[in-house]
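# The following block contains a protein sequence and its predicted model.
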Amino acid sequence: MWKNLILAGIAILAVACDGGGASEGPANIPPAPVDSASDLRAADTVPPPPPGLDVLWVVDNSASMCQEQRGLATHIEDFVGALPPEVVAELQMAVITTDVLWGQGAFVTEVATKYPNACSETRILACTGDADCQAQLGESWTCNPPPSTGGTLLMESMNGSLNSSCSYVCQTDHECCDTFCPADVCGECSHECVAPGGGAEMTKNCVAQPLPCAGPPPPGDWGAWARCHLQVGADQSFTANLESGIKAAWMALDPAGLNAAQSTGFLRPDANLLIIFVSDEEDCSIAEEFCSPSYDCEDDSDCPGPTTCEGGLCAGIIKKDYYNICGLLGEYQGAEHHQCAYDLDCDDCAEDADCPSGWTCKSDKKCRPYIYGFNIVASFQQPAGTPLFALDPVAEYPARFQSLKDGAHKVLVAAITGDARMDGDDAGAMISDACLADERLDLCQAYQAAKAAAEPSCIATPSATGCEDYLDARQDCARQCYVASKGDNKNPQAKSSYICAWDGGSADWGSRYARLAKLFGDDGFAANLCAPEGFGPVMQALGAFVAARLD
């Protein structure tokens, strides 16, 4: 049950509403024209060209995504290079952001020229003072200690997520380039030594700025195209922090929606469609029918973005307080979820099968949400009942996306998001002693049993052939440990829990993106954003997946 629950996203309560440089759009390389009589005769005997490939990139534009966007721009050729030449010849790509309040699924038309100080060179390390950073990284590093409330007790969250980090303090741009981007590695350096807000007297940090876009790229130069499209910016505003990639993708492609003309112009009738999600946060696509009891309104102007005021409550939105705990928000299934979550009007049942996904038939023969520490999660809600069960069901989206083409297998979905890293010891996989000792975490109990019975070779290399059961058990425990950590009300920093970290930052578990890819079966692809080898191998694997599906 826990495994199904985690794959569905941890459920939390909902209420029903009353009443229910520049780019020039998607890049395209047309086929060579037929320009002679001999060509026309030859065309009668040559098989028709393969269908094209329409690629929609859905890129998180929140302030933590600078390194990832640069990685995409740097390694786009690893993706394109893995595709057959005939597919590349019929390739077109477009980009949107995960921001549905401001971006609303519209194709990105401006490239980022500046990243904020939030993108400064930082390493996640345990530190309480500068000396801790300098001992491991060098004299120019300073400590961002854990919050003063609780002191070192808040160094770690339940699953081992660190609440401290080290930042590099600089004096000149040249120093940043020498330290983080030597010419023989990067070819060119775009690091700058800047202070928050541009203050001259403030501490300065090295910030890797967007790779330069030299204007509209020539056809076929996908490296130049990526610089001018995939670096969508790192927005620090609240709208970008509600990462709703799945909803944004549908808003971009819905032939009867807000961007109907855009969809019609982009989706070629005979082409395959590939949708690629890239985010370090969980998808937070709020159901249009959901209304938060803590988000009241008098008219539409009181609600953000395209959301509306329905019966005195804003529909399809949650308050900013909940944007960074979307990993704890469940799927909206109607008013009964809200009623039952606090012991009101629960459905009768005889067994778990009588209850909705993620719910269980309890001893009182009532369907109730099966959530680790439900009272802990509910403690976030002010007023009580906000915003449990607020998200769009992922299972509704495969049919929507597949309806855009005349064959289900002409639609592919890829998710490059955060997940547990299986290499290294338990601590490296974000499996803490606290989780292993908690008997309520049944998947971690099952992992310990699997580990005790596993071959030493599987423990050393969980991804090896023949170790699949052990690998699954370990991954399930790491995910459950993350969810428990995210909802831990004993630690005010719990909301910052992450499931994996790398030199470029950290990432939450993108369970909804991964589940969407899984629902596409062989036409779905998932990769870990925290890959230790960087974006190159991930992009190569993505290209190889697409090539195999189009073969």
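Here it is on my side, so go on.
# Nearest spatial neighbour of the residue nearest the centre of the chain, chain-adjacent residues omitted?
Nearest to the mean C-alpha position of the chain, counting by C-alpha atoms, centre = their mean, stands Ser279 at 2.8 Å. Distances taken as C-beta to C-beta, 6 or more residues apart in numbering put Asp60 closest to Ser279, at 3.7 Å, once the chain neighbours are dropped. Just so you know, the C-beta spots here come from the backbone N, C-alpha and C atoms, and that holds for glycine as well.
# who's in contact with that neighbour?
With contacts defined as C-beta atoms under 8 Å, 6 or more residues apart in numbering, Asp60 is in contact with Glu68, Thr97, Thr98, Glu243, Gly245, Val278, Ser279, Asp280, Glu281.
# what do you get if the cut-off is 10 Å, keeping everything else the same?
Going by C-beta atoms under 10 Å, 6 or more residues apart in numbering, Asp60 touches 68-69, 97-99, 232, 234-235, 240-241, 243, 245, 248, 277-281, 283, 417, 507, 510, 529.
# Can you flag which of those residues belong to strands?
Among the contacts of Asp60, the members falling in strands are Thr97, Phe277, Val278, Ser279, Thr417, Ala507 (criterion: DSSP state E).
# ok, the fourth one - contacts?
Put plainly, it is Ser279. Shown in contact with Ser279 (C-beta under 10 Å, 6+ apart): 58-62, 64-65, 68, 97-98, 243-245, 415-418, 507-508, 510, 513, 529.
# got any ranges where this structure has weak pLDDT?
Scanning the chain for pLDDT under 70 picks out the ranges 1-50, 149-153, 182-188, 197-201, 335-345, 357-358, 369-387.
# domains for it, by residue range?
Structural domains annotated on the chain: 2-18+285-394, 117-208, as defined by automatic domain parsing.
# Just give me the neighbour total for the closest residue to Ala271 other than its chain neighbours.
Ranked by C-beta to C-beta, 6+ apart and with sequence neighbours excluded, the top spatial neighbour of Ala271 is Gly52, at 3.7 Å. Residues within reach of Gly52, counting by other C-beta atoms under 10 Å, total 22.
# Could you measure from Gly52 over to Val278?
Here the criterion is C-beta to C-beta, to the nearest Å. By it, Gly52 lies 22 Å from Val278.
# can you check Cys349 too?
Applying C-beta to C-beta to Cys349 and Val278 gives a distance of 40 Å.
# So which of these two has more stuff around it?
The neighbour count for Cys349 versus Val278, taken as other C-beta under 10 Å, is higher for Val278 (28 against 18).
# my guess is that one contacts Thr98, does it?
Yes. Checked against C-beta atoms under 10 Å, the pair Val278 and Thr98 is within contact range at 8.9 Å.
# any shared contact partners between these two?
Taking C-beta under 10 Å, 6+ apart as the contact definition, Val278 and Thr98 share the neighbouring residues Val58, Val59, Asp60, Met65, Val232, Gly245.
# Count the neighbours of the second one for me.
For Val59, the number of neighbouring residues by other C-beta under 10 Å comes to 25.
# Just list the residues touching it, thanks.
65, 68-69, 72, 95-98, 108, 229-233, 245, 248, 276-279, 416.
# Same question for the fifth one.
For Val232, the contacting residues are 57-61, 65, 69, 72, 95-99, 103, 108, 110-112, 210, 240, 278, taking C-beta under 10 Å, 6+ apart as the criterion.
# Separate out the buried members of those.
Buried positions within those, assessed by neighbour count (16 or more other C-beta atoms under 10 Å), are 57-61, 65, 69, 72, 95-99, 103, 108, 111-112, 210, 240, 278.
# how about the strands in the stretch 301-450 of the chain?
Taking DSSP state E, counting those that start in this stretch as the criterion, the stretch 301-450 of the chain contains strands spanning 308-310, 313-315, 359-361, 367-369, 411-417.
# I meant the stretch 451-551 of the chain, not that one.
Along the stretch 451-551 of the chain, counting by DSSP E, counting those that start in this stretch, strands occupy 500-502, 505-507, 524-528.
# of the ones you listed, which approaches Ala353 most closely?
Each of those has some distance to Ala353 by C-beta to C-beta; the shortest is strand 524-528, at 26.2 Å.
# The closest one pairs with which strands, and in what direction?
Strands that pair with strand 524-528, judged by DSSP bridges, come out as strand 411-417 (parallel).
# Show me how far the partner strand is from its chain's centre.
Between the centre of strand 411-417 and the centre of its host chain there is 11 Å, according to C-alpha atoms, centre = their mean, to the nearest Å.
# again with stretch 513-524
Taking C-alpha atoms, centre = their mean, the mean C-alpha location of stretch 513-524 is offset from the chain mean by 14 Å.
# Next: stretch 507-522.
9 Å.
# from here on, count from 727
Yes, from this point I'll number from 727; that puts the last item at stretch 1233-1248.
# What is the end-to-end distance of it?
Counting by C-alpha to C-alpha, to the nearest Å, you get 25 Å between the two ends of stretch 1233-1248.
# now swap in stretch 868-882 and tell me
Start-to-end span of stretch 868-882 (C-alpha to C-alpha) is 19 Å.
# my read: Val784 touches Gly971, true?
Yes. Here Val784 lies in contact with Gly971, judged by C-beta under 10 Å, at a distance of 4.6 Å.
# report the longest helix in the chain, please.
Secondary structure of the chain per DSSP state H: the longest helix is helix 1194-1212.
# For it, buried residues please.
Residues of helix 1194-1212 classed as buried by neighbour count (16+ other C-beta under 10 Å): 1196-1212.
# Please apply the same query to stretch 1026-1039.
Judged by neighbour count using 16+ other C-beta under 10 Å, the buried positions of stretch 1026-1039 are Cys1029, Pro1030, Gly1031, Pro1032, Thr1033, Thr1034, Cys1035, Glu1036, Leu1039.
# what's the span of it, first residue to last?
Counting by C-alpha to C-alpha, you get 10 Å between the two ends of stretch 1026-1039.
# Next: stretch 1025-1035.
When the termini of stretch 1025-1035 are compared using C-alpha to C-alpha, they are 5 Å apart.
# ditto for stretch 1250-1267
Terminal residues of stretch 1250-1267 lie 12 Å apart, using C-alpha to C-alpha.
# cool, and stretch 829-841?
As for stretch 829-841, its first-to-last residue distance stands at 18 Å under the measure C-alpha to C-alpha.
# burial of Glu1077, as a residue count?
With other C-beta under 10 Å as criterion, Glu1077 counts 9.
# Could you find the closest non-adjacent residue to it?
By the measure of C-beta to C-beta, 6+ apart, the closest residue to Glu1077 outside its immediate chain neighbours is Cys1087, 5.3 Å from it.
# How about Arg1147?
Residue nearest to Arg1147 in three dimensions, not counting chain neighbours: Cys1226, with 4.9 Å by C-beta to C-beta, 6+ apart.
# shouldn't that neighbour be in contact with Asp1006?
Yes. Contact between Cys1226 and Asp1006 holds when scored by C-beta under 10 Å: they sit 9.3 Å apart.
# Let me see the ranges of the helices in the stretch 1027-1176 of the chain.
When secondary structure is read from DSSP state H, counting those that start in this stretch, the stretch 1027-1176 of the chain shows helices at 1061-1067, 1100-1104, 1123-1128, 1159-1163, 1168-1179.
# what ranges do the strands span in the stretch 777-926 of the chain?
If DSSP E, counting those that start in this stretch is used as the criterion, the strands of the stretch 777-926 of the chain fall at 779-785, 817-823, 848-849, 867-870, 891-894, 917-920.
# The fifth one pairs with which strands, parallel or anti?
The sheet places strand 891-894 alongside strand 848-849 (antiparallel), strand 867-870 (antiparallel), with pairing taken from DSSP bridges.
# would you list those in a markdown table and tack on distance to Cys915 and mean neighbour count?
Below are these laid out as a markdown table (distance: least, C-beta to C-beta, whole Å; neighbours: other C-beta atoms under 10 Å):
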| stretch | distance to Cys915 | mean neighbour count |
| --- | --- | --- |
| strand 848-849 | 18 | 18 |
| strand 867-870 | 20 | 19 |
